[in-house]
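**Student:** what would the 3D arrangement of this be:
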Amino acid sequence: MTRIQAIAPENATGKAKELLTAVNGKLGMVPNMARTMANAPAVLDGYLAFSGSLAKGTLNSKLREQIALTVAERNSCEYCLAAHSAIGKMVGLSSEQVIDSRSAKAIDPKTEAVLRFAASLVDNRGRVSDVDLNELRNAGVDDQAIAEVVANVALNIFTNYFNHVSDPDIDFPKAEPLSIEAETCGTSGTCGSTH
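**Tutor:** Okay, here's the model as predicted:
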């Protein structure tokens, strides 16, 4: 049940209306999360600015969506799992890649290293080990990309927490439940290829 009222774009005024119009122009719809953030235009503006800045970084849209899926699964955010499953497919992720990303797995070793690092960031509240960083670097991830991974994880933790508090109606197709094996992998972080 929604705990913070979503603002209907047609009823928005001022900065909220401007931001919701921009979201609609970009996505062709205004997701309930954005409509709820519009209660505080500074929040919606900050989210859009941060997200927009990261879209200009070195991590491509597929990898950013895979990180979002890993983080949403770790934080049990149903809204974000639904949204990023749909958006992930829109940017070219297969259904299998969506499911694998939720469990911090990927066929590509570099991508899997990034997803496992993202999962470790969430699980350890940012206090990753030198081993975590070395595994990432050994997979070919440079310091610029590491910084962007941290930023993408932080952005997605924000949206996960915002959605936990506000509980917006899910306006994307609900994410499929993971299989028991995938659920175990997703919570333990021990599955995937061996390194």
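**Student:** need the per-residue pLDDT for residue 2.
**Tutor:** Here, the pLDDT recorded for residue 2 equals 87.
**Student:** can you tell me the SS state at it?
**Tutor:** Classification of residue 2 using DSSP: H, G, I helix; E, B strand; the rest coil returns coil.
**Student:** which residues touch it?
**Tutor:** Contact analysis of residue 2 by CB atoms under 8 Å, 6 or more residues apart in numbering lists 32, 36, 166, 167, 168, 169. Every C-beta, even on glycine, is put in place using the N, C-alpha and C of the backbone.
**Student:** please tell me which one of those counts the most neighbours.
**Tutor:** Among the contacts of residue 2, the one with the most neighbours (other CB atoms under 10 Å) is residue 36, at 25 neighbours.
**Student:** element containing that one, please.
**Tutor:** helix 32-37 (DSSP states H and E).
**Student:** residue 16 now?
**Tutor:** Assigned by DSSP H and E, residue 16 falls in helix 14-27.
**Student:** and for residue 161?
**Tutor:** Here residue 161 is assigned to helix 143-166, by DSSP H and E.
**Student:** just list what that helix packs against, helices and strands only.
**Tutor:** helix 32-37, helix 41-55, helix 61-74, helix 78-90, helix 109-123, helix 130-138 (3 or more CB pairs under 8 Å, 6 or more residues apart in numbering; DSSP states H and E).
**Student:** wait, residue 152 sits on residue 117?
**Tutor:** No. With contact defined as CB atoms under 8 Å, residue 152 does not reach residue 117; the gap is 10.9 Å.
**Student:** the two: which is more packed in?
**Tutor:** residue 152 (26 against 23).
**Student:** having no further points to raise, I will conclude here.
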